[in-house]
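In: need coordinates for the below:
(one chain, ligands or ions: 2)
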Amino acid sequence: MNVNLKLKQYINGKWVDANSEETRTIINPFNQETIAIVPEGDETDTQAAIAAAREAFDHGEWPTTPATERGAIVRRIAELIERDKEELANLESLDTGKTVEESRGDMDDIAGVFRYYAEIADKNGGEIIDSPVPNSISKVVHEPVGVCGQITPWNYPLLQASWKLAPALATGNTLIIKPSEITPLTHIKVFELMEEAGVPAGVANLVLGAGATVGAELSSNEDVDLISFTGGIVTGKKIMQAASSNVKKLALELGGKNPNVIFADADFDLAVDQALNGVFFHAGQICSAGTRLIVEESIHDEFVNALVERVKKFKLGSGFEDDTQMGPLISADHLAKVEKYVEAGIEEGATLAVGGKRPGDPELQNGFFFLPTIFTDCTTDMTVVQEEGFGPIITVEKFTKEEEAVKLANDSIYGLAGGVFTNDIAKAERCAAKMRMGTVWINEFNLYFPHAPWGGYKQSGIGRELGKLGIEEYTETKHIFQNLKPEQINWF
Ligand SMILES: NC(=O)c1ccc[n+]([C@@H]2O[C@H](COP(=O)([O-])OP(=O)(O)OC[C@H]3O[C@@H](n4cnc5c(N)ncnc54)[C@H](O)[C@@H]3O)[C@@H](O)[C@H]2O)c1
Ligand SMILES: C[N+](C)(C)CC=O
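Out: Ligands and ions are numbered 1, 2, ... in the order given. Below is the predicted model:
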């Protein structure tokens with residue numbers, strides 16, 4: 001497939017190479033072939049983009065453009081994404097290795113996010129509140145935060161970007177976004193579409209490059225008012241420190257090691273199916289993957305056997321083949337990390353029920369493939385139970401009592417998402433109430449949509465994306481009090 005893109009950065013309304021003229025080669029994780037060569041920006045490109053966004057915010061018209069007009073541009077972006085859905089989906093699959101079917105689903109979700117924020121852009125006008133002072137008006141208004149730095153990961157490149165771009169634009173902010181250096185293609189394409197939709201020069205800027213240069217500059221630069229980051233916990237902590245330079249507003253969407261509790265009274269086939277879906281999409285490279293199965297002892301063996309039988313039949317391959325169910329991991333480095341993680345599980349005494357290595361299939365040897373893997377006999381003290389593996393790996397623990405299941409589910413530094421499968425609705429609600437996570441699914445796993453807030457408890461993050469809360473991240477709240485009958489106080 002030809003990549004027919006500008007392959008440049010977008011700064012102050014212009015498509016530009018890196019100041020250093022350095023480039024980076026982007027490869028296809030399925031076969032390691034070169035798919036694109038893009039500019040490798042650095043701190044100087046980032047500073048130019050920040051200056052453009054600062055000028056557009058401080059002296060441009062975007063922040064005071066009527067919200068209905070901003071909403072219309074955001075809606076137009078959604079329409080253009082729908083028009084170019086197939087091209088976008090192909091680019092995403094080429095860059096990440098995920099199946100085109102998954103990427104098409106992502107593009108539908110992304111258009112939906114732009115539409116959602118287009119619709120609520122003009123419904124955040126503020127309110128008049130009761131004042132304790134006679135003859136006064138007390139009003140609360142919402143204003144854009146300012147210049148926003150946005151940093152995204154490689155696993156859902158454009159989807160995670162849409163959760164940041166759409167609310168930031170709808171509320172009148174200006175921005176600089178930095179995709180993961182290994183998956184920039186759909187970010188470039190969406191900037192072509194944003195230009196076509198009429199986003200003014202300087203309002204939205206795209207800088208390509210590494211975390212240690214572009215990302216670090218965005219996080220520490222004092223002309224940036226807000227930093228919104230999606231990625232790993234280690235990077236999140238660095239960004240939090242860097243953002244203290246000027247006490248930036250901070251939104252962090254970090255990792256998860258997400259429990260999925262299966263009670264014996266659950267619909268067995270549904271729970272098996274959803275447990276697999278909850279983990280193995282995009283080869284398990286999902287922040288909210290339900291990689292930590294917690295299964296009631298009385299059905300444990302039957303449940304594990306059913307999972308193993310299904311897993312053995314998975315078809316691994318190119319995301320562009322219709323019958324492929326699981327593509328490769330993102331990179332050689334990530335594959336090596338996943339292998340080490342599995343080695344740690346074996347060393348710590350978990351039992352390998354299936355997988356645990358690279359596939360032998362000769363056709364997959366040029367890609368970063370890893371077999372779907374299930375560990376049983378797992379305990380909470382194991383690395384594979386506590387740490388995020390970000391690969392196609394399930395760990396299984398057993399429980400006998402409801403309280404024990406909840407205790408296990410909460411035994412984690414993370415708190416992103418979790419699930420409960422049972423036909424006893426009262427029990428499901430009791431568990432959901434006690435589970436310390438930003439999302440709890442009942443008889444469902446890994447479902448997200450624009451109206452529902454997304455984010456983590458504990459070390460899974462700070463703040464929320466999506467829903468009405470997603471727009472609040474991008475607004476400052478101001479109280480304006482007017483005394484209609486002012487009087488002297490005569491105290492001094
Ligand atoms: N909570 C969520 O909604 C969510 C969604 C998707 C992914 N994630 C998490 O993302 C992680 C996987 O993504 P990843 O490997 O790309 O994460 P990562 O933390 O390695 O990188 C994420 C982004 O941060 C940049 N970065 C790296 N070092 C930086 C620094 N010092 N300063 C500023 N930016 C820097 C990277 O270049 C990239 O753009 C997983 O932990 C996953 O759980 C979370
Ligand atoms: C938030 N989500 C599930 C779309 C992607 C997580 O990696």
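In: who in this structure is up against ligand 2?
Out: 155-156, 159, 286-288, 448 (Cβ under 6 Å from any ligand atom). C-betas here are computed from N, CA, C, even on glycine.
In: buried sites along stretch 460-478?
Out: Neighbour counts over stretch 460-478 (16 or more other Cβ atoms under 10 Å) mark 460-467, 470-475 as buried.
In: of the residues you listed, which belong to helices?
Out: 467, 470-472 (DSSP state H).
In: ok so residue 261 is a strand residue?
Out: Yes: counting by DSSP: H, G, I helix; E, B strand; the rest coil, residue 261 falls inside a strand.
In: out of the buried residues of stretch 460-478, flag the one nearest to residue 352.
Out: residue 460 (27.7 Å; Cβ to Cβ).
In: give the contact list for the closest one.
Out: 253-256, 414-416, 437-438 (Cβ atoms under 8 Å, 6 or more residues apart in numbering).
In: in strands, which of those appear?
Out: Here DSSP state E is the test, and those give 253, 414-415 as lying in strands.
In: residue 343: which of the ones in helices among the buried residues of stretch 460-478 is nearest?
Out: Distances from residue 343 to these, taken by Cβ to Cβ, are shortest for residue 470, at 39.1 Å.
In: pretty sure the closest one is touching residue 163, no?
Out: Yes: with contacts counted by Cβ atoms under 8 Å, residue 470 reaches residue 163, the gap being 6.7 Å.
In: now do residue 23: how many residues are near it, please.
Out: Residue 23 has 15 neighbouring residues, counting by other Cβ atoms under 10 Å.
In: what about residue 477, helix or strand, and which?
Out: Residue 477 belongs to strand 475-483 when assigned by DSSP states H and E.
In: dump that strand to PDB, keeping only the CA atoms.
Out: Extracted in PDB, the C-alpha atoms of strand 475-483 (Å, rounded to 0.1, in the frame of the first residue of the first chain):
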ATOM      1  CA  THR A 475     -11.700  24.800  30.400                       C
ATOM      2  CA  GLU A 476     -10.900  27.200  33.200                       C
ATOM      3  CA  THR A 477     -13.900  28.200  35.400                       C
ATOM      4  CA  LYS A 478     -14.300  31.900  36.200                       C
ATOM      5  CA  HIS A 479     -16.700  33.600  38.700                       C
ATOM      6  CA  ILE A 480     -17.700  37.100  37.600                       C
ATOM      7  CA  PHE A 481     -19.400  39.100  40.400                       C
ATOM      8  CA  GLN A 482     -21.000  42.500  39.600                       C
ATOM      9  CA  ASN A 483     -22.400  44.800  42.300                       C
END
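In: could I get the ones in strands among the contacts of residue 460 as CSV with distance to ligand 1, pLDDT and neighbour count?
Out: Output for the ones in strands among the contacts of residue 460, formatted as CSV (distance: Cβ to the nearest ligand atom, whole Å; pLDDT from 0 to 100; neighbours: other Cβ atoms under 10 Å):
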residue, distance to ligand 1, pLDDT, neighbour count
253, 3, 98, 27
414, 9, 98, 26
415, 11, 98, 24
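In: which parts of the protein sit against ligand 1?
Out: Checking the chain against ligand 1 by Cβ under 6 Å from any ligand atom, the hits are 151-156, 160, 178, 180-181, 210-212, 215-216, 219, 230-232, 235, 238-239, 253-256, 287, 388, 390, 416, 456, 461.
In: still on that earlier bit, what lines up beside the strand holding residue 477 in the sheet?
Out: strand 136-144 (antiparallel) (DSSP bridges).
In: same question for the partner strand, mean pLDDT?
Out: For strand 136-144, mean pLDDT is 98.
In: can you list contacts of that strand?
Out: 57, 63, 124-131, 171-173, 472, 474-485.
In: could I have the buried ones of those as PyMOL selection syntax?
Out: Of the contacts of strand 136-144, the buried ones can be selected in PyMOL as follows, counting by 16+ other Cβ under 10 Å:
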select buried, resi 57+63+124+171+172+173+472+474+475
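In: quick revisit: which of the ones in strands among the contacts of residue 460 sits closest to residue 46?
Out: For those, the nearest to residue 46 is residue 253 (21.0 Å; Cβ to Cβ).
In: and for residue 242, the neighbour number?
Out: Count around residue 242 with other Cβ under 10 Å applied: 17.
In: who touches the residue lying closest to it once chain neighbours are set aside in this structure?
Out: Closest residue to residue 242 apart from its sequence neighbours, by Cβ to Cβ, 6 or more residues apart in numbering: residue 219 at 3.7 Å. The neighbourhood of residue 219, defined by Cβ under 8 Å, 6+ apart, consists of 149, 151, 227, 229, 238-239, 242-243, 248.
In: what do you get if the cut-off is 10 Å, keeping everything else the same?
Out: 149, 151, 178, 211, 227, 229, 235, 238-245, 248, 250 (Cβ atoms under 10 Å, 6 or more residues apart in numbering).
In: next one: residue 19
Out: 9, 39, 41-48.
In: with residue 383 instead?
Out: 340-341, 343-345, 347-348, 350, 389, 395.
In: in strands only, show me the contacts of residue 219.
Out: Going by DSSP E, the strands hold 149, 151, 178, 227, 229, 250 from these.
In: the closest residue to residue 482 other than its chain neighbours: neighbouring residues, count only.
Out: Closest residue in space to residue 482, ignoring its immediate chain neighbours: residue 137 at 4.6 Å, by Cβ to Cβ, 6+ apart. Neighbour count of residue 137, defined by other Cβ under 10 Å: 13.
In: the residue nearest the centre of the chain sits in which helix or strand?
Out: Nearest residue to the geometric centre of the chain (Cα atoms, centre = their mean): residue 160, 4.1 Å. If you go by DSSP H and E, residue 160 is part of helix 157-170.
In: what of residue 153?
Out: Counting by DSSP H and E, residue 153 is found in no helix or strand.
In: pretty sure it is touching residue 187, no?
Out: No: assessed by Cβ atoms under 10 Å, residue 153 is found out of contact with residue 187, at 11.7 Å.
In: can you check which residues contact both of these two?
Out: 161, 179-180.
In: how's this structure carved up into domains?
Out: 9-254+460-479, 259-442 (the TED database).
In: show me how far the first one is from its chain's centre.
Out: It stands for domain 9-254+460-479. 12 Å (Cα atoms, centre = their mean, to the nearest Å).
In: burial of the residue lying closest to residue 276 once chain neighbours are set aside, as a residue count?
Out: In this structure, residue 276 finds its nearest non-sequential neighbour in residue 310, 5.9 Å apart by Cβ to Cβ, 6+ apart. Residue 310 sits with 16 neighbouring residues when counted by other Cβ under 10 Å.
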